[in-house]
Structures are given as C-alpha cells and as structure tokens.
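S.K.: Fold the following, please.
(2 chains)
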There are 2 protein chains.
Amino acid sequence: MIYPSPLEELILYFKKLPGVGEKSAERLALSFINFKKEDAESFSKAMVSAHQRLGKCSICSHLTDQEICNICGDNFREKNVICVVEDYKSVFTFEKVGKFTGVYHVLDGLISPIDGINPSDINIDALLDRCKKLDGNIELIIALKASVEGEATTMYINKMLEGENIKITRLSYGIPIGAEMDYLDTLTLERALKDRQTIS
Amino acid sequence: MIYPSPLEELILYFKKLPGVGEKSAERLALSFINFKKEDAESFSKAMVSAHQRLGKCSICSHLTDQEICNICGDNFREKNVICVVEDYKSVFTFEKVGKFTGVYHVLDGLISPIDGINPSDINIDALLDRCKKLDGNIELIIALKASVEGEATTMYINKMLEGENIKITRLSYGIPIGAEMDYLDTLTLERALKDRQTIS
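M.R.: Numbers count the residues shown, from 1 in each chain, chains lettered A, B, ... in the order given. Reported below is the predicted structural model:
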C-alpha cells in the first residue's frame, strides 16, 4: 500500500464525489491534510451539519434547512405562478438568473416507464393538491428537460389538470444563446424552426 | 442568499480545495448532501482522522500515521541509497512507479533566496546527520525539479557533503517519453543534447 491508511480511506471518500477520479481524489486528500487544524475540523463539521440539517420544504420540496424554504416563505413571490422542475438544482439555477418571481415545485424525478418510475414515485400528487388549494388564476410553468421523460411528465401533469382552470405553459425550446449553428443537433433545430417567432 | 446556509458554508469549504471553483464546489456539495447518512458521517470522520493521525516520519519526514514510515521500516529497502525529494507527493509518485528500492528524504521545500527560504528552513540538516550515521557506500539521488530552486538546493547539498565519501547523483534531464519534439522547450532540448547518451 503506497498511502498511509487514513489517507487511503480519505481518498476513497473523495472518489465518491462526482467527477472526482483517482488522481483528483489524491490531490484533494493530500491538500486537505495540509489544511490548518481549525479549517479541517470546521470543514468536517460543515459536512455533517449540512447533511443533517438540510431537508425538503414541506410545500415545494426544495432543499432547505427550515420547515418552509426561503422562496415559499417570501411574501413578495407570486404563489399562484408555479415553476415545475425536476430537482432542486434547477431551482438554484433559476434563482441565479433571478428573473422569476413565482414559486417552484420540485418533482424529485421524471416519469420514466422504462426505468420503472411511475407518477406515484415522484412528487406529482402534492403538485395537484397545491393547485387545488389555490384560488384561481394559476399558471404552471413546466421547466423540465426536453427528453422522453420530460415530455411524458409534462403530458401526465397536463392530463391530470385537464378541465381545471389552470394555465399550463412550458419553457421555449430553441437555439441556445451563443451556440454555433454548425453544432446544433437536428432535433433542436427542428424545434427552433417549429417554434419560430415573428419579428415584424 | 440562494443556498440554505448549511449548504452555503459547505460550498465555501469545498472551494478551499485546489482546482475547485465556484461551480465545482456547488456540484460537490450538492452531491455530498445526497450521500447516505452513514457515508456522509464516515467521510467527515475520515477527514478528521486523516488530519489528526498523519504526521512526519521521524527518519525521512515522509507522510505517515506511525512514528516511522512504511518505507523506512521496511527491512528489504536499501537504507544507504537515499532519494532526496522536495515533498511527500514525490515519494508517492516514485512508489507508484515501484522501481526504487532505496529510501527517501523529504526536504519539505527547496532553497529559494528570492522567497527568503534558506537551507535552515528546509529539512537539510537531518539529511546530513542521516548520511553521517550511515557506514559508507552511500548514494544520494537528488530528485528535485529542474528549476533555479532545485539547482540551488542540489548545489548546497553537494557542497555540504564535499569531502565525505558519498556518491551524489541526480535524475537525468531530457525529453519526456512520448512528447512531440515540436513542443519541447529550448532548455529541455539543450539539456537533452548536452546529456546525450551513446547508443553504440
């Protein structure tokens, strides 16, 4: 064994992180053991603390260390404009843009019959309940990825809310800003053509 | 604040690791909080444990969780062939190659007058003591990087051991295996030319 065992063990844990291979894990672990004592201990405490204290918002399932997340608890956000996302990472992405003034609903997955993921396995029922409790003028913005699973989930939500007085929209598909036309895949180009917008 | 505070704090710590920027730190922290409870706790414990238990070998200053490192404690290694390296990372690199059967001496730095690093600031005295305690037939292999600091350190060691019956060698400089000739810097090429080896 090349590494002393406590280092070996630490490397193994770093390797469990996404995108961290053998080489990076070694580099991270070796640099970590050079941290000042206080920093090393605080880092380790921050990990346990984050893991223990973070849970789901009881309204939208977004990640929070409280009963209700900052967004659902914010009186200035429009509670009847709900952006439906796959996971809490999407919420963070939207919040970084900072243009959305409504609230979110985190599905925690997408319907995928091929993987055995049914509507009951994701957080859809709570979404339907939420919509029923709101008094009219609701808009659901579906912000799911453009994939078979995203489409299936969108269709399911759409179908379940049929007849209710709810406006359902989805994000536009099209050319990403700054992308070279040559590198666009045919499906994206097809959607961009189909959803073309009138300029004048 | 976009992130709940325990997550925000964890991201800050991940950012202290080398090569981990804002984006990667977020990804690492978010993936960490999805770890199973046991894994999360063990990871954190492994960090504290590695940080507390790892220290320097009392002979060669290599990283170890014991008084004397595995290498110095190995009876099959030649104790009078000492490879002098800048830091313990180099030891791990050599050990991965697995061809070296001697022992190491970790300098923990290089002499650098410009940065105010003098011979007394690095682990050179212990090396000289070590050499004096061994009974003859000693080879010191200097394996320091080819830089001003590496050269200065090599010269210093060489000078301090002048007159002692010690063979001092250094790694060869030259063309890295597999490197394209076009990409070689002039200094490397110059050294490779100077140190050219006879084929027949």
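
S.K.: need the next SSE after the lengthiest strand in chain A, C-terminal direction.
M.R.: When chain A is parsed with DSSP state E, its longest strand is strand A:78-85. Counting by DSSP states H and E, the next helix or strand C-terminal to strand A:78-85 is helix A:88-97.

S.K.: Mind splitting chain A into its structural domains?
M.R.: In terms of domains, chain A is parsed into A:5-53, A:63-198 (source: automatic domain parsing).

S.K.: for chain A, what spans make up the strands?
M.R.: Here chain A has its strands, by DSSP E, at A:55-56, A:63-64, A:78-85, A:102-106, A:138-142, A:166-170.

S.K.: Can you mark which positions in the helix or strand of chain A with the lowest mean pLDDT are buried?
M.R.: Lowest by mean pLDDT, DSSP states H and E among the helices and strands of chain A is helix A:186-194, with a mean of 82. Buried residues in helix A:186-194, counted by 16 or more other Cβ atoms under 10 Å in any protein chain shown: A:Thr188, A:Ala192. Every C-beta, even on glycine, is put in place using the N, C-alpha and C of the backbone.

S.K.: now stretch A:89-106
M.R.: Applying 16+ other Cβ under 10 Å to stretch A:89-106 flags A:Ser90, A:Val91, A:Phe92, A:Phe94, A:Glu95, A:Phe100, A:Gly102, A:Val103, A:Tyr104, A:His105, A:Val106 as buried.

S.K.: what about the residue lying closest to A:Asn118 once chain neighbours are set aside, how many neighbours?
M.R.: Using Cβ to Cβ, 6 or more residues apart in numbering or on different chains and skipping residues adjacent in sequence, the residue nearest A:Asn118 is A:Ile111, 6.7 Å away. For A:Ile111, the count of nearby residues is 24 (other Cβ atoms under 10 Å in any protein chain shown).

S.K.: Likewise for the one 3 residues further on?
M.R.: A total of 8 residues lie near A:Ile114 under the criterion other Cβ under 10 Å.

S.K.: One more: A:Ser147?
M.R.: A:Ser147: 12 surrounding residues under other Cβ under 10 Å.

S.K.: Could you give the backbone dihedrals for the residue lying closest to it once chain neighbours are set aside?
M.R.: In space, and not counting its chain neighbours, A:Ser147 is closest to A:Leu110: 7.7 Å by Cβ to Cβ, 6+ apart. When read as degrees, to the nearest 10, the backbone of A:Leu110 gives phi -130, psi 150.

S.K.: A:Leu110 contacts A:Gly150, doesn't it?
M.R.: Yes: using Cβ atoms under 8 Å, A:Leu110 is in contact with A:Gly150, at 5.9 Å.

S.K.: Which residues are in contact with each of those two?
M.R.: Here A:Leu110 and A:Gly150 have A:Glu86, A:Leu144 as joint contacts, going by Cβ atoms under 8 Å, 6 or more residues apart in numbering or on different chains.

S.K.: Please point out which parts of the biggest helix by length in chain A sit buried.
M.R.: Identified as the longest helix of chain A according to DSSP state H is helix A:37-53. Within helix A:37-53, the residues scored as buried using 16+ other Cβ under 10 Å are A:Ala40, A:Glu41, A:Ser42, A:Phe43, A:Ser44, A:Lys45, A:Ala46, A:Met47, A:Val48, A:Ser49, A:Ala50, A:His51.

S.K.: List the residue ranges of chain A that fall below the pLDDT cut-off.
M.R.: A:200 (pLDDT under 70).
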